[in-house]
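Visitor: Mind looking at a prediction? Sequence and model below.
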Amino acid sequence: MKSLFDRVIGFIGAGKVGVTLGAYFQSKKINIGGYYSRNADSAANAAGLLSVKQYTDLQELLLHCDIIMITTPDDQIKNVWNELKKFNIKGKIIAHTSGSLTSGVFGGVASLGAFAVSIHPMHAFSDRDGNIEGLDQIVFTIEGDITGISLIKKMLTDLGNQVLVIESENKACYHLANVMASNLVLALLKISSECLAQCGINQTVAIEALMPLIMNNIENIRIKGFHNALTGPIERNDVGTITQHLAVVPGDYESIYKNLSLILLKLAIEKNPTRDYGVIEDLLTVSSNND
Ligand SMILES: NC(=O)c1ccc[n+]([C@@H]2O[C@H](COP(=O)([O-])OP(=O)(O)OC[C@H]3O[C@@H](n4cnc5c(N)ncnc54)[C@H](OP(=O)(O)O)[C@@H]3O)[C@@H](O)[C@H]2O)c1
């Protein structure tokens, strides 16, 4: 049986994730076979960047590679699978990197003698230039076939990455968690920068000014946990400040402000059980025209 470092990875989809993960795995001495992509130019660019093969058909990729990583957009994974399963895939690991889809998208895989997994890197990939900075710190979350999981988990932990294993039925909730922590934070920062724009501060200056505040807050959560990192007017029971906020918060954002503040209030009550937060609770639960 091949050792993990003798196994060859082939990528289908030479985009941001495919190129970056390929470059990362290669930097750790994992064997990359090459790239196949919808557009030959994308595959050629990726193959050139890593000095690996450009595949022009899927059968050729399957002949050379043991682990098939499908790094296309989510809505293309099923189409790619429908093509792949026409060939002999016995003994191959068939993987995709979607955060929301499970390995169940590879219907009938077990009867073809292959092992299906999803391998989600918890990272925002924004380029396909081979920059792998920070990749050795990221966590991968995997689910799927038990044999596939054990092989991929060993490979990734040997690289030094932490691996989380989840059940398929929890994948949607897992993806929701990722969206809450990244996409929705973007939305909150957009609101924050709009409020700073009201104060005459342009967006570029606003983002730079917010960074130390954001980073310090995140670091505090990491080191101290949610309760001990909690600061701000709700925790302090500053009724006057909350009243002022409610007077100036734009109507579209009032319900977001109140709903998120209620989550902070729950943490504050748990942290300071003898403090009476009744007035703030009333302010946050009274409905407005926009609720
Ligand atoms: N970006 C992230 O931050 C991130 C993070 C974690 C997971 N993911 C997941 O990783 C996967 C890839 O995301 P991405 O951001 O790398 O997307 P991307 O940059 O758009 O790259 C997708 C690549 O797949 C190629 N492709 C599209 N349809 C194809 C098909 N039918 N057959 C072969 N190749 C095809 C694309 O076309 P061309 O050949 O035209 O270039 C492109 O190169 C998705 O499942 C996504 O959910 C993304």
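Guide: Here it is on my side, so go on. Residues are numbered from 1 along each chain as shown.

Visitor: Against Arg38, how distant is the residue in the chain positioned nearest to the ligand?
Guide: The ligand sits closest to Gly15 of the chain, with a gap of 1.7 Å, by Cβ to the nearest ligand atom. All C-beta spots, glycine's among them, are computed from the backbone N, C-alpha and C. Counting by Cβ to Cβ, to the nearest Å, the gap from Gly15 to Arg38 is 9 Å.

Visitor: Name the residues contacting each of these two.
Guide: Thr72 (Cβ atoms under 8 Å, 6 or more residues apart in numbering).

Visitor: what about the helices in the stretch 151-291 of the chain?
Guide: Under the criterion DSSP state H, counting those that start in this stretch, helices of the stretch 151-291 of the chain are mapped to 171-181, 183-198, 203-229, 233-236, 239-248, 251-271, 278-285.

Visitor: Which of those helices sits closest to Glu133?
Guide: Closest of the helices of the stretch 151-291 of the chain to Glu133 is helix 203-229, at 17.2 Å (criterion: Cβ to Cβ).

Visitor: Tell me how the protein divides into domains.
Guide: Listed domain ranges for the chain are 4-167, 181-285 (source: automatic domain parsing).

Visitor: Please identify the deepest-packed of those domains.
Guide: Comparing the domains of the chain by mean neighbour count (mean count of other Cβ atoms under 10 Å), domain 4-167 comes out on top with a mean of 18.

Visitor: Measure how far that one is from the centre of its chain, please.
Guide: 16 Å (Cα atoms, centre = their mean, to the nearest Å).

Visitor: pLDDT (mean, whole number) over that domain?
Guide: Average pLDDT, domain 4-167: 97.

Visitor: ok, back up a step: right, and the residue of the chain closest to the ligand touches Asn45 too?
Guide: No: counting by Cβ atoms under 8 Å, Gly15 does not reach Asn45; the two are 10.5 Å apart.

Visitor: what is in contact with the two at once?
Guide: Joint contacts of Gly15 and Asn45 (Cβ under 8 Å, 6+ apart) are Arg128.

Visitor: Would you mind listing what in this structure touches the ligand?
Guide: Contact residues, the chain versus the ligand (Cβ under 6 Å from any ligand atom): 12-18, 37-39, 42, 71-74, 76, 79-80, 96-99, 120-121, 123-125.

Visitor: Let's see which of these end up in strands.
Guide: Judged by DSSP state E, the subset of those located in strands is Ile12, His96, His120, Pro121.

Visitor: May I see those arranged in TSV, with distance to Tyr174 as well?
Guide: Below are these laid out as TSV (distance: Cβ to Cβ, whole Å):
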residue	distance to Tyr174
Ile12	23
His96	15
His120	8
Pro121	13
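
Visitor: closest to Ala268 among the residues you listed?
Guide: Distances from Ala268 to these, taken by Cβ to Cβ, are shortest for His120, at 33.5 Å.

Visitor: thought the closest one was touching Phe140?
Guide: Yes: when contacts are counted by Cβ under 8 Å, His120 is listed as touching Phe140 (6.7 Å).

Visitor: before we move on, back to that, which stretch among the domains of the chain comes nearest His175?
Guide: domain 4-167 (4.2 Å).

Visitor: what residues are up against the residue nearest to the spatial centre of the chain?
Guide: Nearest residue to the geometric centre of the chain (Cα atoms, centre = their mean): Met122, 3.9 Å. Contacts of Met122 were listed using Cβ under 8 Å, 6+ apart, and they are Ile138, Val139, Phe140, Thr141, Asn178.
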